[in-house]
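**Student:** Output the structure for:
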Amino acid sequence: MSYICAKFYTDMNFDLIVLGSGPGGYVAAIRAAQLGMNVAIVERESLGGICLNWGCIPTKALLKSAQVFNYISHAEDYGITVSKAAANFDKMIQRSRGVANGMSKGISFLMKKNKITVLEGNGILARGKKVVVTDANGARKEYSADHIIVATGARSKALPNIPIDGEKIIDYRKAMILESLPKRMVVIGAGAIGVEFAYFYQSIGSEVTVVEFMENGLLPREDDDVSKELGKVFKKSGMKVLANTSVESVDTKSKTIKVNVKNRKSGATDTIECDVVLSAAGIMPNTENIGIEALGIETDKGGRIVVDEYYNTNVPGIYAIGDVLDTPALAHVASAEGILCVERIKGMDVQPINYKVIPSCTYCVPEVASVGMTETMAKEAGYELKVGKFPFSASGKASAAGAKDGFVKIIYDAKYGELLGAHMIGYNVTEMIAEIVVAMNLETTGHEIIKSIHPHPTMSEAIMEASAAAFGEVIHL
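**Tutor:** Numbering: from 1, shown residues only. Below you'll find the model as predicted:
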């Protein structure tokens, strides 16, 4: 798109303009303001981006509703008698949207608190370190800055043979605002997004089938033991999980949707009938139509922006962070990248992010959390291993909580005792993984964790016990 003939006026010059207000963009903007920079942030929809409005936060609100419903449905297990519980789908959706709206307002408050200028509209990069912003009424203004950070995030990736129509084939955004609970749902893709929605809809009454292309099924990037354990729990709940299976086509011509699948190993085909298909087969970066081509900003084959370890693009003064990069597409990663990028701009002595120590969390029930190498990765890297596993069935706190599914698995280098990775599945493990992240950053050894007294009774004791198991010192197994 060319703006050569358009008439603009410069409204304001900034030290920094951030394109996109997700957890990468707004955090970068706040940190820059804290460091004394005059900052503007461009957002075409709602402050907080996808994470706060359509991703991390509202999905967790839905998952909490499903969890509470399950608790009430199994109240007898805890010695409590209640009348039969019923899931009010509409109110669950309304609560989720209310939580998201509240968080977005919170970001608006933070912008005002830190004196950050919010530019509402669609932003496009222009030559000379400028950003052209077109508002909802079509009015265009040009702003300039010494530094510009691209933090435009990502969106659902549609499979070539399965176009998302928003009605019968939907993405995660539509899945959060459906008008009625579908009787039958097929989820394509068993990554974090697919698994979380599969759990939510199965828990409140839908018949869910998950189709995953990869051989190890649910959460295929997690440790094999974790994927297998989650598969057992989901199947026990009545969910169907088809691993190592491709979706050949989806027929939406009739009222009932027909999903044609093929087992990649046996070649056997099948047809699954459902009312809605959720496509959760990955994401793609929002790098089109933001001016990167005109400026000659380098991208890879997937359209992701190429940067150095401090998030500089090949164009001086232009930076990129978050899901537009070939780094883990996680909110906390984008935030960390934004902070480091800004601090580097200000000349601070910063160290590049160690992407080997990035925690990953999935918020289904049981929860999944991990950091570092899987057992397979560590073996392929040539390490001789000491692996310890402690099941929550042996945990007093887990038994008291009625949450005995899952385990903690910790992987150490046998030669030096280096902590290489940890993989957890169970109640509240997303709150436990930070201990391992800190330990890995501090280069903690296994015996240091074993000798660190953990409170009893807690779920976190399983970290100490798994470490002890790795070194043949476990007490409670």
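**Student:** contacts and neighbour counts: CA atoms only from here.
**Tutor:** Fine.
**Student:** Let me see the contact set for Met239.
**Tutor:** Gln202, Glu207, Val208, Thr209, Val210 (Cα atoms under 8 Å, 6 or more residues apart in numbering).
**Student:** need the contact list for the last one.
**Tutor:** Pointing back at Val210 there. Taking Cα under 8 Å, 6+ apart, one finds Val186, Val187, Ile188, Gly189, Ala190, Gly194, Ala198, Met239, Lys240, Val241, Leu242 in contact with Val210.
**Student:** counting contacts, what elements does the host helix or strand of Tyr319 pack onto?
**Tutor:** Assessed by DSSP states H and E, Tyr319 sits inside strand 318-320. Contacts defined by 3 or more Cα pairs under 8 Å, 6 or more residues apart in numbering; DSSP states H and E place strand 318-320 against strand 140-150.
**Student:** Let me know the secondary structure of Ala32.
**Tutor:** helix (DSSP: H, G, I helix; E, B strand; the rest coil).
**Student:** which ones are touching it?
**Tutor:** Ala32 touches Leu16, Asn38, Val39, Ile339, Val342, Glu343, counting by Cα under 8 Å, 6+ apart.
**Student:** Quick check: the two most widely separated of the residues you listed?
**Tutor:** Greatest spatial distance in these: Asn38 and Ile339, 15.6 Å, computed using Cα to Cα.
**Student:** between those two, which one's more packed in?
**Tutor:** Ile339 (22 against 19; other Cα atoms under 10 Å).
**Student:** The more buried one touches Val27, doesn't it?
**Tutor:** Yes. Between Ile339 and Val27 there is a contact at 6.8 Å, judged by Cα atoms under 8 Å.
**Student:** if we can go back for a sec, which of the contacts of Met239 are buried? Put it as a ChimeraX command.
**Tutor:** In ChimeraX, this line selects whichever of those come out buried by 16 or more other Cα atoms under 10 Å:
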select :202,207,208,209,210
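**Student:** State the distance from Ala29 to Thr252.
**Tutor:** Ala29 sits 44 Å away from Thr252, going by Cα to Cα, to the nearest Å.
**Student:** same check, this time on Ser96
**Tutor:** In terms of Cα to Cα, Ser96 sits 29 Å off from Thr252.
**Student:** what about the two, which has more around it?
**Tutor:** Set side by side, Ser96 and Thr252 show more neighbours around Ser96, with 24 against 17, by other Cα under 10 Å.
**Student:** Turn the contacts of Ala32 into TSV, columns for pLDDT.
**Tutor:** Formatted as TSV, the contacts of Ala32 follow (pLDDT from 0 to 100):
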residue	pLDDT
Leu16	98
Asn38	97
Val39	97
Ile339	98
Val342	98
Glu343	98
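**Student:** So which of those residues are in strands?
**Tutor:** Leu16, Val39 (DSSP state E).
**Student:** Pick the one among the contacts of Ala32 closest to Thr445.
**Tutor:** Distance to Thr445 across these (Cα to Cα) is lowest for Ile339, with 28.8 Å.
**Student:** For the residue lying closest to the closest one once chain neighbours are set aside, give its distance to Phe109.
**Tutor:** Distances taken as Cα to Cα, 6 or more residues apart in numbering place Ala28 nearest to Ile339, at 5.2 Å, with adjacent residues excluded. Distance, Ala28 to Phe109, by Cα to Cα: 16 Å.
**Student:** Which stretches in the stretch 151-300 of the chain count as strands?
**Tutor:** 154-156, 169-170, 184-188, 207-211, 240-242, 245-251, 257-263, 269-274, 276-279, 283-285 (DSSP state E, counting those that start in this stretch).
**Student:** Kindly present those as CSV, with separate columns for mean pLDDT and distance to Ile124.
**Tutor:** Output for the strands of the stretch 151-300 of the chain, formatted as CSV (pLDDT from 0 to 100; distance: least, Cα to Cα, whole Å):
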stretch, mean pLDDT, distance to Ile124
strand 154-156, 91, 16
strand 169-170, 95, 28
strand 184-188, 97, 33
strand 207-211, 98, 38
strand 240-242, 97, 42
strand 245-251, 95, 36
strand 257-263, 96, 39
strand 269-274, 97, 41
strand 276-279, 96, 29
strand 283-285, 94, 15
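**Student:** looking at those, which is closest to Gln67?
**Tutor:** Once the strands of the stretch 151-300 of the chain are compared by Cα to Cα, strand 207-211 is nearest, at 16.8 Å.
**Student:** Can you list the strands that that closest one pairs with?
**Tutor:** strand 184-188 (parallel), strand 240-242 (parallel) (DSSP bridges).
**Student:** residues contacting the residue most central in space within the chain?
**Tutor:** With the centre of the chain defined as its mean C-alpha position, the nearest residue by Cα atoms, centre = their mean is Leu330, 4.6 Å away. Neighbour list for Leu330: Gly322, Asp323, Ser360 [criterion: Cα under 8 Å, 6+ apart].
**Student:** closest to Cys274 among these?
**Tutor:** Ser360 (31.0 Å).
**Student:** tell me the contacts of the closest one?
**Tutor:** Counting by Cα under 8 Å, 6+ apart, Ser360 touches Leu330, Ala369, Ser370, Val371.
**Student:** quick one, phi psi at the second one?
**Tutor:** Translated: Ala369. phi -150, psi 140 (degrees, to the nearest 10).
**Student:** Understood, closing this out.
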